[in-house]
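J.: structural data only, the sequence is not supplied:
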Ligand SMILES: Cc1cc2nc3c(=O)[nH]c(=O)nc-3n(C[C@H](O)[C@H](O)[C@H](O)COP(=O)(O)O)c2cc1C
């Protein structure tokens with residue numbers, strides 16, 4: 001090998017090692033990078049297998065043991081499994097996974113015990129992991145829909161009470177996304193988000209919240225707006241109390257029971273966990289102090305809205 005090339009390669013390896021070691025020392029700290037990571041993350045469905053990601057997977061496994069606290073109660077565990085070879089992939093019949101190309105590592109979110117806010121809880125924690133993977137330069141895509149839960153159940157030796165609401169491939173991002181990956185993004189209108197006027201309100205569900213009036217809270221709200229959601233439905237709605245920094249979070253229900261017909265988890269509850277995660281990490285990053293409370297607000301609530309929880313400034 002040409003000496004120059006050899007030296008350059010070593011330099012690259014070393015700087016990558018330093019970068020990863022730096023992250024290891026700060027494995028809890030996605031918070032300082034919240035806005036950048038939220039803005040950078042996008043669903044990836046085509047991966048590149050030309051280099052291994054063993055170091056990154058080790059860091060993710062370490063991060064799993066140090067996840068930030070979620071405001072929701074719940075028992076969860078997370079696993080990263082490596083799928084070897086086409087046969088194994090086909091045997092698992094992962095459903096939606098068929099749209100994902102060349103991913104070998106899968107992050108699995110498992111609810112170990114049913115609790116009232118278990119789906120919101122796993123949404124919050126899984127998104128922390130997704131943002132951490134983004135920090136490591138890896139691609140991910142939330143999959144909550146049509147993958148075969150039954151196949152995973154036997155593959156992972158789960159107990160009877162355990163459920164798998166979400167999984168995500170984790171891998172290097174291919175420089176060229178397949179036509180199919182692009183088509184899915186285009187069908188789900190993945191690049192767009194609803195405007196502020198449809199998501200954030202003041203006092204009631206009629207008066208839109210004016211961005212300039214919320215001052216520094218415009219940033220945490222914008223980070224909620226950018227969150228990923230199943231079918232890009234964006235079911236989060238927020239009401240701010242006038243003259244106070246109190247934000248009530250609601251789930252907008254278009255068709256309340258559709259998930260039960262499909263026998264899927266209630267993905268909107270997971271979406272809300274992601275929205276709460278984005279708000280929480282951003283207020284922490286900005287040193288805006290406050291706390292999460294479950295306090296049913298006194299203002300009238302529309303039938304298609306379900307109250308979830310509130311953030312109250314202190
Ligand atoms: C809870 C949840 C479940 C999802 N399930 C699937 C899925 O089953 N298949 C899929 O291709 N994408 C799935 N997605 C990805 C969304 O389609 C995607 O996040 C959304 O279109 C926004 O695009 P973006 O992630 O590129 O910003 C899911 C996202 C979330 C948050």
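T.: Happy to help now that I have it. Please read these numbers as outputs of a predicted model, since none were measured by experiment.

J.: show me the contacts for residue 115.
T.: Counting by CB atoms under 8 Å, 6 or more residues apart in numbering, residue 115 touches 73-75, 121. C-beta coordinates here come from the backbone N, C-alpha and C atoms, glycine included.

J.: what about the residues you listed, which are in strands?
T.: residue 75 (DSSP state E).

J.: closest to residue 37 among the contacts of residue 115?
T.: residue 121 (20.4 Å; CB to CB).

J.: please tell me how far that closest one sits from residue 277.
T.: 10 Å (CB to CB, to the nearest Å).

J.: who has more neighbours out of these two?
T.: Under the criterion of other CB atoms under 10 Å, the comparison of residue 121 against residue 277 puts residue 277 first, with 27 against 23.

J.: against residue 224, how distant is that one?
T.: Counting by CB to CB, the gap from residue 277 to residue 224 is 9 Å.

J.: pull the distance from whichever strand or helix holds residue 106 to the chain's centre.
T.: For residue 106, the enclosing helix or strand under DSSP states H and E is strand 105-113. Relative to its parent chain, strand 105-113 has a centroid offset of 13 Å by CA atoms, centre = their mean, to the nearest Å.

J.: tell me what it is packed against?
T.: strand 75-82, helix 118-135, strand 163-173 (3 or more CB pairs under 8 Å, 6 or more residues apart in numbering; DSSP states H and E).

J.: quick one, the second one and strand 163-173 angle?
T.: Spelled out, that is helix 118-135. Relative orientation of helix 118-135 versus strand 163-173 (axes from the mean of the first three to the mean of the last three CA atoms, to 10 degrees): 10 degrees.

J.: what packs against whichever helix or strand comes after helix 118-135?
T.: Counting by DSSP H and E, the next helix or strand C-terminal to helix 118-135 is strand 139-140. On a contact count with 3+ CB pairs under 8 Å, 6+ apart, strand 139-140 meets helix 118-135, strand 163-173.

J.: out of the ones you listed, which is closest to the ligand?
T.: Minimum separation from the ligand across the helices and strands packed on strand 139-140 (CB to the nearest ligand atom) falls at strand 163-173, 5.9 Å.

J.: figure out how far that closest one is from the centre of its chain.
T.: For strand 163-173, the distance to the chain centre is 10 Å (CA atoms, centre = their mean).

J.: report all helices and strands that it contacts.
T.: strand 47-48, helix 54-64, strand 105-113, helix 118-135, strand 139-140, helix 149-155.

J.: now that strand: mean pLDDT?
T.: Averaging pLDDT along strand 163-173 gives 94.

J.: overlap in contacts of residue 121 and residue 277?
T.: With CB under 8 Å, 6+ apart, residue 121 and residue 277 have common neighbours residue 70.

J.: list the buried residues for stretch 150-160?
T.: 152, 158 (16 or more other CB atoms under 10 Å).

J.: what is the end-to-end distance of that stretch?
T.: 12 Å (CA to CA, to the nearest Å).

J.: the ligand contacts on the stretch 1-150 of the chain?
T.: Listed as neighbours of the ligand in the stretch 1-150 of the chain under the rule CB under 6 Å from any ligand atom: 42-43, 96, 99, 141-146.

J.: which of the helices and strands packed on strand 105-113 sits most buried?
T.: helix 118-135 (a mean of 25; mean count of other CB atoms under 10 Å).

J.: now the helices for the protein?
T.: 3-25, 34-40, 54-64, 85-92, 118-135, 149-155, 179-187, 196-199, 218-225, 258-262, 267-285 (DSSP state H).

J.: could you tell me the least trusted of those helices?
T.: Of all the helices of the chain, helix 3-25 has the smallest average pLDDT, which comes to a mean of 49.

J.: tell me the contacts of residue 76?
T.: 109-112, 118, 121-122, 125.

J.: and if we set it to 6 Å?
T.: 111, 122, 125 (CB atoms under 6 Å, 6 or more residues apart in numbering).

J.: how far away is it from the ligand?
T.: To the ligand, residue 76 is 15 Å away according to CB to the nearest ligand atom, to the nearest Å.

J.: gap between that residue and residue 270?
T.: 12 Å.

J.: please apply the same query to residue 313.
T.: 26 Å.
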